[in-house]
Structures are given as structure tokens and as C-alpha cells.
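Enquirer: Just the structure for this:
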Amino acid sequence: MDEVFKALADPSRRRLLDSLNARNGQTLRELCSGLDMARQSVSKHLAVLEAANLVTTVWRGREKLHYLNAVPINAIAERWINQYDRRRAGALADLKTALEGTHVDGTDFVYTTYINTTPERLWQALTDPAFTERYWGAVLESDWKVGSTVTYKQGGVTIEDPEQVVLEAEPGRRLAYTWHSFTPDFAKVFGFDADDVAKWAAEPRSTVTFDIEPQGQMVKLTIVHHGFEPGSAVRESISQGWPAILSNLKTLLETGETLPMEDEKGA
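Expert: Residues are numbered from 1 along each chain as shown. Below is the predicted model:
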């Protein structure tokens with residue numbers, strides 16, 4: 001946390017985070033154009049933010065995109081704001097956003113976490129149905145070869161679709177697949193409103209990518225869930241679900257146990 005507070009103490013770095021909060025996934029050139037700072041200065045500030053895990057980067061072709069990673073800030077809130085006060089603080093923040101009319105652009109969901117495990121063990125956790133069922137509550141079945149289908153099972157519902165496929169599979173390094181379909185049975189079992197599920201089903205199919213990178217005795221896991229349109233209802237839902245799933249994954253790999261599961265809905 002010392003690195004987080006040090007990074008946030010500088011107003012220029014806070015401006016960079018504000019810029020990414022307004023529009024996530026910017027290149028260095030785009031960040032420089034919106035700030036009155038030299039490219040070298042912006043690069044140095046980004047390096048500090050990356051070291052504090054407040055910014056994570058993803059390569060798209062030749063472009064290096066920068067994303068705000070809210071995990072460390074959320075950890076601060078978890079440490080000093082109890083559950084009751086968190087709800088009150090959230091309500092006040094929502095009211096402030098509504099009154100000020102602020103709008104956050106950028107549709108990709110990006111989340112980075114560090115896990116005390118090995119790339120091989122993490123790969124197993126992402127692809128072994130017995131593993132995914134423990135921390136996710138969902139069974140994902142596939143041979144994990146590019147082009148193969150992924151069958152999604154949760155709550156007694158089996159979702160099979162020829163468009164649920166593996167896009168990339170490099171064991172211990174990178175995994176990508178298209179997101180599951182939304183069916184009436186899925187809505188019924190989890191108590192989702194039928195109209196909401198119909199809206200989800202009408203959206204373009206999204207893609208989730210897991211990047212695995214060794215970091216000494218730790219493994220850096222970056223998840224990028226993308227392919228959403230502005231205002232996506234699926235995007236809103238997965239942004240609530242992924243942090244809980246990944247926290248449970250980290251706990252399972254590091255302790256052998258899972259976190260107490262709350263009765264929360266997520267797509």
C-alpha cells in the first residue's frame with residue numbers, strides 16, 4: 001500500500017488516472033495529447049503507476065494500451081470502510097455522479113491481480129472443470145484447443161453454442177474464449193428478469209482473455225473482457241462478477257480454501 005499512496009500523492013499521476021477513468025485503454029501518445037506534459041514525464045509517471053498496480057498495460061498489435069486498475073484502490077476501501085459505511089459511501093458517490101452528469105467512456109473490463117502460484121497451476125485453475133467449479137461455481141468443459149467449443153454449466157443449466165469457442169490457447173501464458181450465451185433456462189435458474197436476459201442476448205458476443213506472466217515467485221494475471229458496445233448491460237454485470245471470481249481464485253490457489261460466497265447475481 002505504500003507504493004499506492006506514493007503514486008496517488010502526485011497530482012500529475014492522479015490526472016493520468018482521471019484520464020484513464022474517463023476513457024480507458026489509451027496509448028502513450030493519446031495520454032500525452034490530453035496532458036500538458038512531455039512524453040518522457042508521462043512515461044515516468046506511468047512507470048510509477050504500473051509499479052503500484054494502479055495501471056496495467058495490454059498489447060494490441062503494435063499498440064501498448066494503458067488501463068486503470070482499480071484493485072489497489074478497492075483494497076484500501078476494503079481495509080478502512082466497513083460493509084455498512086461502504087453502502088452509504090457508494091450511494092453518495094452515485095448521487096454525486098448523477099448530479100454532476102459525469103460519463104465514463106471505454107468499454108473494456110480490465111483487471112490485474114498477483115497470485116502466489118505457478119503459471120502451470122494457474123492454467124490448470126482456468127481450464128480444469130473441477131477447479132472452476134470450486135472458485136466460480138461454473139464448470140467449463142473444453143479440450144482447450146483453438147476453435148474448440150466451450151460448454152458452460154452452472155446451477156444445473158448447460159449452455160452449449162457453436163459460437164462459444166476457444167480463440168487462443170498457450171498453456172501457462174495466454175487463454176482467450178468467447179463469452180457464453182444467455183438462455184431462458186439461465187435466466188430462470190438465477191432469477192434474472194427475462195427482459196434483462198433478452199437485452200444481454202441481443203448484444204454482440206464478447207471475448208475474455210487471460211494473460212499469465214511470471215513475476216518472480218508470483219504470477220501476474222491480467223484479464224481483459226472486451227467486445228462491448230457503449231452502455232452494454234453485459235459489461236455492467238461482468239464488472240461486478242469478475243472481481244469476486246478472481247478474488248476467490250487467488251484465495252483458493254494461495255490457501256487451498258475458497259472465500260465465503262455471497263448470494264450475488266452476475267452474468
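
Enquirer: Check this protein and tell me which residue is nearest its centre.
Expert: Compute the mean C-alpha point of the chain, and by C-alpha atoms, centre = their mean the closest residue is Tyr111, 3.6 Å away.

Enquirer: so that residue touches Gln240, yeah?
Expert: No: with contact defined as C-beta atoms under 8 Å, Tyr111 does not count as touching Gln240 (11.8 Å). The way it works is simple: take the backbone N, C-alpha and C, and place the C-beta from them, glycine included.

Enquirer: buried set for the helix or strand Asp18 falls within?
Expert: Secondary structure assigned from DSSP states H and E places Asp18 in helix 11-22. If you call a residue buried by 16 or more other C-beta atoms under 10 Å, then helix 11-22 has these buried ones: 13, 15-17, 19-20.

Enquirer: What lies in contact with the helix or strand following it?
Expert: Counting by DSSP H and E, the next helix or strand C-terminal to helix 11-22 is helix 28-33. The set of residues that contact helix 28-33 without belonging to it, under C-beta atoms under 8 Å, 6 or more residues apart in numbering, is 16, 19-20, 38-39, 42-43, 46, 64, 66.

Enquirer: One more: stretch 174-186?
Expert: When contacts are taken as C-beta under 8 Å, 6+ apart, the neighbours of stretch 174-186 outside the stretch itself are 123, 126-127, 142, 144, 150, 152, 154, 157, 159, 161, 163-169, 192, 194, 197, 200-201, 205-212, 225, 227, 234, 238, 267.

Enquirer: What is the end-to-end distance of it?
Expert: Between the opening and closing residues of stretch 174-186 there is a gap of 28 Å (C-alpha to C-alpha, to the nearest Å).

Enquirer: Next: stretch 62-72.
Expert: With C-alpha to C-alpha as the measure, the first residue of stretch 62-72 is 28 Å from its last.

Enquirer: Alright, that wraps it up for me.
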